[in-house]
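K.L.:
with the input below, show me the fold.
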Amino acid sequence: MDFVRVKCDCGKIHVKRARKLLTNWASCQGCKLLHDIPDWLYYRCCQQRDRCENTKNPGYANYGGRGIRFLFKSPREAAIWVAQNLGIHRTMHLDRINNDGNYEPGNLRYSTPPTNAQHTRISKWTKRRWDLREQYPECGYRITALRDLFHAGLSNQEIAERWAKNKRLGRPGFTTYVTPEKEAALLFEAQSPTTV
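P.N.:
You can find the predicted model right below:
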């Protein structure tokens, strides 16, 4: 069996089996007992560092490529800081308070999935979409249809009224509806064959 010398975050050097490094971090026994951090939290912090420092990571362009840095000494130190200052909440997302800020003490928080979705740079309409869903839960437009309606300049109330009107007409509910112009409707009627 291969043994290697590793350095713990506390600075202590100790010997560990090489294959154990694939599944466990290189902490000494004293640090493990002092800071019993769940693996999932440690791996989340590893992913944060990887997005900021590994140019081959698919998310690098949105993190490290944008200048966002991982400022903890190690993912283990980040996990310890999160556990001591924020607690351990597995079902919640761990994100940055300032979306353009670094992964550093004071800029991390737990948030719910909807809050985290509003906090992204993906779309400027994300927050408005969540607000519409809260105000008018019966409005069932797809995301793409909502985006088109937002671009058209409709308010949340107008979108909800449009949904209710189209539901009463018996139209399918998950698409964008276009109101035909009068001239186009008359032209269509003039070209249609009359039934006898």
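K.L.:
check contacts around Ala110.
P.N.:
For the record, residue 110 is Tyr, not Ala. Residues near Tyr110 by CB atoms under 8 Å, 6 or more residues apart in numbering: Leu86, Gly87, His89, Met92, His93, Leu94. All C-beta atoms are positioned from the backbone trio N, CA, C, and that covers glycine.
K.L.:
quick check, nearest of those to Leu132?
P.N.:
Within the contacts of Tyr110, the smallest distance to Leu132 is 21.8 Å, found for His93 (CB to CB).
K.L.:
so what are the domain limits for this protein?
P.N.:
1-34, 36-118, 126-191 (automatic domain parsing).
K.L.:
please identify the deepest-packed of those domains.
P.N.:
With neighbours taken as mean count of other CB atoms under 10 Å, the domains of the chain reach their highest mean count in domain 36-118, at a mean of 16.
K.L.:
quick one: contacts of the helix ranked longest in the chain?
P.N.:
Longest helix in the chain, counting residues (DSSP state H): helix 39-53. Residues from elsewhere that reach helix 39-53 (CB under 8 Å, 6+ apart): 25, 57, 59-60, 62-64, 68-70, 72, 75-76, 78-79, 82-83, 88, 90, 94, 103.
K.L.:
got it, and stretch 54-65?
P.N.:
Asp50, Arg51, Cys52, Glu53, Arg121.
K.L.:
switch to 6 Å and redo it
P.N.:
Applying CB atoms under 6 Å, 6 or more residues apart in numbering, the contact partners of stretch 54-65 are Asp50, Arg51, Cys52, Glu53.
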